[in-house]
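Engineer: what follows is a predicted structure for the sequence shown.
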Amino acid sequence: MEKYSMILAAEEQFAREVTLGVIVSRPQTAWLVFIPGMFIFDFLRRGSAIRQYTRHFLFPRRLAIDAARSRLQEQGQSSERSLIEEDVTRWLNALNLYSQALLKFQMKAIDLLTDHYLKLLQAEGNSYPGLIDNAYEDRENFEDFINQITTAEDEIDEAILEKVGDNPKIKEKLLAEKEQVGIRRRKLMEEIF
């Protein structure tokens, strides 16, 4: 249970760092300078955006880490995947993003993350970087996982853009997010290996 909490806390921190990177990279409006107190509304809006993004970023990761923990405890795997698929379908419907392609790519990412978290839960270590180091043993193995999950995330982004159509604002957000995720992952790799 301690490793589970450690992994989940690291994922939450990662999501917040990515969100802050995306939000900080956006320019502030002139209203913040001209209207006294406007910075308070901007602060609250940004805080809400951080919480919302973190919740959405973590949703598939929580499903994956719960699935990994279930596998570790040798609970049923076949029904577990169908339950995850139902949860992802409901989540995508709530976001008005459901499509067969997006569901397929989300499930592919969740499968990759489940295997990753299972490795971490089985590894020795007292910290998140320590778990990764012991689970993957060298940079090349971890980099291979990073490449696989990045490809899956790119497929998810493409399916989102296909679903919402030509929306420059969403495309810009997805690109900014991808850039921040890449920066954070490279930083993590440098820290560990």
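Structural biologist: It's in. Owing to the predicted nature of the structure, the values given are computational and were not obtained by experimental measurement. Numbers count the residues shown, from 1 in each chain.

Engineer: remind me which residues of the chain are low pLDDT?
Structural biologist: 1, 24-47, 75-79 (pLDDT under 70).

Engineer: strands of that one, start to end?
Structural biologist: In the chain, no strands are defined using DSSP state E.

Engineer: how much space between the most centrally placed residue in it and Glu85?
Structural biologist: Residue closest to the average C-alpha location in the chain (CA atoms, centre = their mean): Phe57, at 4.0 Å. Counting by CB to CB, to the nearest Å, the gap from Phe57 to Glu85 is 19 Å. Every residue, glycine included, has its C-beta placed from N, CA and C.

Engineer: what do you get for Ser5?
Structural biologist: Taken as CB to CB, the span from Ser5 to Glu85 is 26 Å.

Engineer: look at these two and report which has more neighbours.
Structural biologist: Between Ser5 and Glu85, Glu85 has the larger neighbour count (other CB atoms under 10 Å), namely 16 against 9.

Engineer: I'd say the more buried one and Lys108 touch.
Structural biologist: No. Glu85 sits out of contact with Lys108 when judged by CB atoms under 8 Å, with a separation of 11.5 Å.

Engineer: sorry, back to before: residues contacting the residue nearest to the centre of the chain?
Structural biologist: 11, 15, 18-19 (CB atoms under 8 Å, 6 or more residues apart in numbering).

Engineer: go again using 6 Å as the cut-off
Structural biologist: Ala15 (CB atoms under 6 Å, 6 or more residues apart in numbering).

Engineer: neighbours of Ala49, how many?
Structural biologist: Neighbours of Ala49 using other CB under 10 Å come to 15.

Engineer: again, but for the one 4 residues further on
Structural biologist: By the measure other CB under 10 Å, the count of residues near Tyr53 is 19.

Engineer: tell me if I'm right that it and Thr19 touch.
Structural biologist: Yes. Applying CB atoms under 6 Å as the test, Tyr53 and Thr19 come out as touching, 4.3 Å apart.

Engineer: ramachandran angles for Asn167?
Structural biologist: Main-chain torsions, Asn167, degrees, to the nearest 10: phi -120, psi 100.

Engineer: how much space separates the residue nearest to it when sequence neighbours are not counted from Gly182?
Structural biologist: Nearest residue to Asn167, sequence neighbours excluded (CB to CB, 6 or more residues apart in numbering): Leu161, at 7.4 Å. The gap separating Leu161 from Gly182 is 18 Å, by CB to CB.

Engineer: cool, Asp154 as well?
Structural biologist: 11 Å.

Engineer: same deal with Leu92?
Structural biologist: 24 Å.

Engineer: the two - which one has more neighbours?
Structural biologist: Taking other CB under 10 Å, Leu92 and Gly182 do not tie; Leu92 has more neighbours (18 against 14).
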